[in-house]
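>>> Sequence and predicted structure, then a few things I'm wondering about:
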Amino acid sequence: MLNIEIDGKSIEVEHGSTIIDAADKVGIAIPRFCYHPKLSVAANCRMCLVQVEKFNKPLPACATPVADGMKIFTRSKSAIEAQQSVMEFLLINHPLDCPICDQGGECDLQDVAVAYGVSGSRYTEEKRVVFNKNIGPLVSTDMTRCIQCTRCVRFLKEVGGMQELGMIGRGEHAEITAYVDKSVNSELSGNIIDLCPVGALTSKPFRYSARSWELTRRPSIAAHDSLGSHIEVHVKDNKVMRVLPREKESINECWLSDRDRFSYEGLNSPDRLKVPMIKHNGAWVETDWKTALEFAAGQLKDITNEHGGEALGVLVSPNSTMEEGFLAKKLANGLACGNVDYRLRQTDFRLDGKRLGTPWMGCNIHEIEELDRIIVIGSNLRNEHPLLAQRFRRAVANGAELSVVSPLDNDPLMDIAHKVIVRPNDMVNVLGQILKAMSGLQRLSLCLPPSLTALLDDIKVRPNTQAIAESLAGHGKDYDLIAPKVGIFLGNMALSDPRFTEMYSMAEAIGGITGAKGGILPAAANSTGMHMMGVMPSSTGMHARAMLEIPRKAYLLLNIEPELDCQHAALAKAAMEKAECVVALTTYKSQALDNADILLPITPFTETSGTFMSMEGRVQSFAAAVRPLGESRPAWKVLRVLANTLGLAGFDFESSEQVKDAIFAGEKPSAVVWRSLNNNLRELVEIQVNIKHDGLQRIGEVPQYESDPIVRRSPPLQKTKYNIKPMARMCSRQLAALDLVEGDHVLVKQDKGSAVLTVRLDDHVAMGCVRVAAAHEATIGLGELMGDITVEKLSPQQLLDINKNITEARA
Amino acid sequence: MVASSKPVVKTDLAGQTLVTLRTLTEENPASLETYLKLGGYAALKRVVTEKVKPTDIITEVKTSGLRGRGGAGFPTGLKWSFMPRYFDGVKYLVCNTDEGEPGTFKDRDIIRYNPHQLIEGMAIAAYTLGARVGYNYIHGEIWQDYEIFEAALHEAKAAGYLGENLFGTNFSFDLYAVHGYGAYICGEETALIESIEGKKGQPRFKPPFPASYGVFGKPTNVNNTESYTSIPWIMQNGGQAFADLGVPNSGGTKLFSISGHVEKPGNYEVNMGMPFTELLALAGGIWKGRQLKAVIPGGPSTAVMPASAIMGATMDYDGLSKARSSLGAGSMIVMDDTTCMVKALHRLAYFFYEESCGQCTPCREGTGWVYRVIDRIVKGQGKMEDLDLLTDVSNNIAGRTICALGEAAATPVLSFIKHFRPEFEYYIQHGKSMVDGK
Ligand SMILES: Cc1cc2nc3c(=O)[nH]c(=O)nc-3n(C[C@H](O)[C@H](O)[C@H](O)COP(=O)(O)O)c2cc1C
Ligand code: SF4
Ligand code: SF4
Ligand code: FES
């Protein structure tokens, strides 16, 4: 520790801190623009100049390390003089258009100018003008206002992983720009809006819609991926105007993914269902709540009375709150129905009943940065968990070795030490090879469970899997570690795979011998919570896939669009078509709900109170940010009244808090979570490591801006480069094998369903696979996300015929 | 590639002491043959084969009193001692031949007429500092000279003075020529390093200094061309001999690039401490029989000196700092009595405005401001307050920037106004120059 003095205050600071760190620690304000604690130090704005004893020049506080006995003066005559002069320089070329600038009221430059500047300028010459750039649908630019602090540049490079902005030109001609004709495509791009200290980068969707001081700020929790990011919902006239990150160092730090930031634009989409609707003679009729609920209750009751509770299937979105999931399950059980599930995109349920607890990510989010060795299995990290990916990026920057086993070779924008890109089917074998190689590494030889040893007998270890095993065991490119901190994570593609059980068991075994942390990276905001509450089939009930395979007479849907949110689009569609009654609690009217019979309007997360449980098991409750739109009601209330109407007992909750209390049985949530989270299996499931399989396999990835009903309706997100119509993507070798070229039209088929798609060359895709995005209208005829698929080339004539048929069918 | 042989027509070397340009006496000065004839590469060979201790070499360089010829005058031996001795990985050696300051053209003559001595100097430095790889960063607008240096590199490599296992020892050194694109800022050592790395030439914040974080983040020693080129002579004749050429605190010889209103502009290598009047005489004196008005002794980043101040000065570090300017890179710009100081400053201000890298606020904004105000004055729209404004703005740039360009931009403004204020006042009052009436 060093002893220093700032403005006469003696303080103790750590070795290596800078003056600005030290001052921040004791709450002494030093003005700044370029400095940001999460970015590298550029020391270019010069706003933070302070006087330091024994130095005849003022020093930049952000870049000057403290030394023992240093005496610093932040408000001395020479410091103030320096600060005022920098302020004067900054303002000479800054347009004074604050009244029309969106940053007005929350502008660092404005604030600092008031606090540290002088009124009036001595500059009478011409001001610089810089042309604006179009960098995409999310961030709006006004580059004349830029003060060249390079925070945006550094963020995209250091946190985003790719330098998409840079400073070109010299002197006064220096300007921030993207690559020629390129936009900023980072899935974290919105953060540069927050970082920009002036109004050079502002939110395009929010532009000119409100002034910052008119907004009421309400804390909430992000509702898409399972990170559990803290957000601040900004409201004006009962409308969500924008969403910003709320600082939470251990979760989202000060960042937010674009999905969490811009999804709000979908909240008030024209699709919003504002009143209950009943289908009457094939046409939708608006009705009142009482009629709708009584009708729904009557239908559900009749069917379950007549055919038993098992005639009902209850499908719950993992993006719904814990309260909602809890009540949906309770309601189903009240009707003697055990068919409840939230795992809509899962197809392999062999682990049911074998788990010791709720699967989770297996460590805390911030621990990722401390890992030495990481293996990520079946995850397109940036697509699935955009902000979490950044923690991995930091781990790698800190020296961690990252290994990847995946059917997709998408660039995670960090160095990959080892990778094996193979068909999902072969991933099991690859994991088996890693396991076998690990068990062969001297130090670990004794630890392998005997049940597995036999299975691994006829597996042949290849050099690339050997390399991964060695890396996990601590061998390193630069130097070896004796006890590396290892992390193993399974992503969405693994979770959706028909051989998830094998992948999971292998990962668990590898984890066992490496002493790794890790587990699954749950897909949605409340996946972990749903699992913990057991929003899953009873011992005799059906899981999500079975409910569709063996169609039920009635369905209760909570917050889902079946064809878009389920593992098997075609089955989902068929099941809904066939059902006698589908009651959908939904925020939106949707084509995907055309086969429903009753639509009950529920609110999105911003209009209800509730609780999500994150990937690391954090139970986070939030209040409504705005009042419900139209007649829509929070789903927990709808479920309560529906249950009351059904005459079920035990549904007299007055508030979502009471529901939450019921969930945790009055205990402290953390205590319950602590007991519940556990990635271990009770017993090893019978697994097959060597499946020979020749056909093509689909990689039915869910694009990040198609993941749930809200994001699907956010126009700015839909306008990004990530929103491309599904295509049949294959690597060049695969194309050659099928005699296809980019641009060809193909008929892809799964089970009985098919889709006509354009062929796209995508060398990120493993040989033997066709990447066909899911959760899209164009592919709702298809089947399992990671299932078998065939591809037939269409001649121009065939294409014409098919299109004609489609048009006729529509007519 | 053009051969390096270029006959010289430099006849008058009287009064000069040739150390860094010692091949100038010969035909084909740039050729390896010439250099070897003058005893070239002997110092390198001795040092490497006799395995002279690096610390001994550093001591010798310290004794020589050699100070950095790039402008700052930092003692070279001391700088060398900052390089980490034990480092697990590649260390780099960089030579700065970027000279882009107006009036500076000495390093260009070194690579044009005596490239092998630079190569030898760098190789000795590489041996001393444990650098495996070296770069010579050459200004982007002297293409022919770049090619001459490249040719010399090939010759040296072919003759076994560069490359693997030199003289059969385990000392290896690869040296490459790199060229810039003419930006003055790339002469600043950290901007130069960025440029070598393929990035935009923009100074880094120091510390860390190149000795700990240089090219590709590895320990790197940066010296000026003339500094390295002095090394073989020092190793051949001894540090003391070099020191003795000059005066206390300024050892050796110095190359002065003399331009402006003299009869014989050019490069002159003379002993440190030579009286200004003598040096001026070597350059043929003020041209056209006119009177001396002012001199910028070390390049535009050094303070201008009125005739009265420079006439009694000696040309060495202390001599010029006593006279309130500095030696800089030895780029002497001589101005006769027909020179309008307002217009001269106008030119210089434009240079710094144009060459600021734009990274830090005071320099980016200040150099443009200063230029615009002077431009206004030159156009007859000046105000008397402008002079204080210029002084104030310049003071606000100096010492508050990332690199020394800020300081360099402020110095001419401050010194011109200080020494020639009446001329500026006249210009503002009359809207035209006191000197030429235009
Ligand atoms: C704006 C600026 C331009 C510079 N240009 C040069 C140059 O052209 N050549 C040079 O040797 N040093 C130049 N320098 C000085 C270098 O940063 C560095 O100090 C020098 O190369 C070190 O070598 P030395 O110790 O041998 O002088 C410049 C410095 C600044 C601030
Ligand atoms: S755009 Fe904003 S963040 Fe980027 S350099 Fe300019 S002022 Fe800084
Ligand atoms: S002082 Fe000027 S040249 Fe140097 S870093 Fe700052 S802006 Fe660039
Ligand atoms: S905050 Fe220190 S220089 Fe910008």
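Looks like it arrived, so ask away. Ligands and ions are numbered 1, 2, ... in the order given.

>>> buried residues in stretch B:336-356?
B:336, B:339-346, B:348-349, B:351-356 (16 or more other Cβ atoms under 10 Å in any protein chain shown). Placement of C-beta: from N, CA and C, glycine included.

>>> now swap in stretch A:646-658 and tell me
For stretch A:646-658, by 16+ other Cβ under 10 Å, it's A:646, A:648, A:651, A:653, A:656.

>>> on that earlier part again, intersect the buried residues of stretch B:336-356 with the contacts of chain A.
B:353-356 (Cβ under 8 Å from any Cβ of the partner chain).

>>> Now the stretch 151-300 of chain B against ligand 1: closest residue?
Of all residues in the stretch 151-300 of chain B, residue B:187 sits closest to ligand 1, at 2.3 Å by Cβ to the nearest ligand atom.

>>> got the phi/psi numbers for residue A:180?
Dihedral angles of residue A:180 (phi, psi; degrees, to the nearest 10) stand at phi -50, psi 130.

>>> separation between it and residue A:119?
Residue A:180 sits 41 Å away from residue A:119, going by Cβ to Cβ, to the nearest Å.

>>> Check residue A:665 too.
Taking Cβ to Cβ, one finds residue A:665 at 63 Å from residue A:119.

>>> just the strands in the stretch 1-150 of chain B please.
B:92-97, B:133-138 (DSSP state E, counting those that start in this stretch).

>>> List the residues that contact residue A:490.
Contacts for residue A:490 (Cβ atoms under 8 Å, 6 or more residues apart in numbering or on different chains) come out as A:377-379, A:500, A:503-504, A:507, A:519-521.

>>> ok, the residues you listed vs residue B:271, which is closest?
residue A:379 (71.1 Å; Cβ to Cβ).

>>> What score does the closest residue to that closest one other than its chain neighbours have for pLDDT?
Spatially, and ignoring its direct neighbours in sequence, residue A:379 is nearest to residue A:491 (2.0 Å; Cβ to Cβ, 6 or more residues apart in numbering or on different chains). As predicted, residue A:491 sits at a pLDDT of 97.

>>> Based on its surroundings, how many neighbours for residue 27?
Assuming you mean chain A. Using other Cβ atoms under 10 Å in any protein chain shown, residue A:27 is surrounded by 7 other residues.

>>> Actually, chain B is the one I wanted.
12.

>>> now the one 5 residues further on
When neighbours are defined as other Cβ under 10 Å, residue B:32 has 22 of them.

>>> circling back to that earlier point, what's the burial count for the residue of the stretch 151-300 of chain B closest to ligand 1?
Neighbour number of residue B:187 under other Cβ under 10 Å is 27.

>>> Please list all residues in contact with it.
Counting by Cβ under 8 Å, 6+ apart, the residues that residue B:187 touches are B:70, B:96, B:98-101, B:139.

>>> Now for chain B: which strand has the highest residue count?
When chain B is parsed with DSSP state E, its longest strand is strand B:253-260.

>>> which residues touch that strand?
B:17-21, B:69, B:103-106, B:109-110, B:226, B:230, B:245-246, B:265-272, B:279, B:283, B:315-316, B:327, B:329-336.

>>> Not counting residues beside it along the chain, what's closest to residue A:501?
residue A:350 (4.2 Å).

>>> Can you tell me the element the one you found falls in?
Element membership for residue A:350, per DSSP states H and E: none, as it lies in no helix or strand.

>>> got it, and residue A:299?
Secondary structure (DSSP H and E) places residue A:299 in helix A:289-307.

>>> Sheet-wise, list the partners of the next helix-or-strand element following that helix with their directions.
Per DSSP H and E, the first helix or strand lying C-terminal to helix A:289-307 is strand A:312-316. Neighbouring strands of strand A:312-316 in its sheet, by DSSP bridges, are strand A:340-341 (parallel), strand A:554-558 (parallel).

>>> quick one, the helix or strand following strand A:312-316 and strand A:554-558 angle?
Once the chain leaves strand A:312-316, the next helix or strand it forms, by DSSP H and E, is helix A:322-334. On the basis of axes from the mean of the first three to the mean of the last three Cα atoms, to 10 degrees, helix A:322-334 is oriented at 170 degrees to strand A:554-558.

>>> tell me the average confidence for helix A:322-334?
98.

>>> Could I get the CA-only coordinates of that helix as CSV?
Output of helix A:322-334 as CSV, limited to C-alpha atoms (Å, rounded to 0.1, in the frame of the first residue of the first chain):
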residue,chain,number,x,y,z
MET,A,322,-41.1,-17.8,-12.0
GLU,A,323,-44.5,-16.7,-10.7
GLU,A,324,-46.1,-17.4,-14.1
GLY,A,325,-44.4,-20.7,-14.4
PHE,A,326,-45.4,-21.7,-10.9
LEU,A,327,-49.0,-20.9,-11.4
ALA,A,328,-49.2,-22.6,-14.8
LYS,A,329,-47.9,-25.8,-13.3
LYS,A,330,-50.1,-25.5,-10.3
LEU,A,331,-53.1,-25.0,-12.5
ALA,A,332,-52.2,-28.0,-14.6
ASN,A,333,-51.8,-30.1,-11.5
GLY,A,334,-55.1,-28.8,-10.3
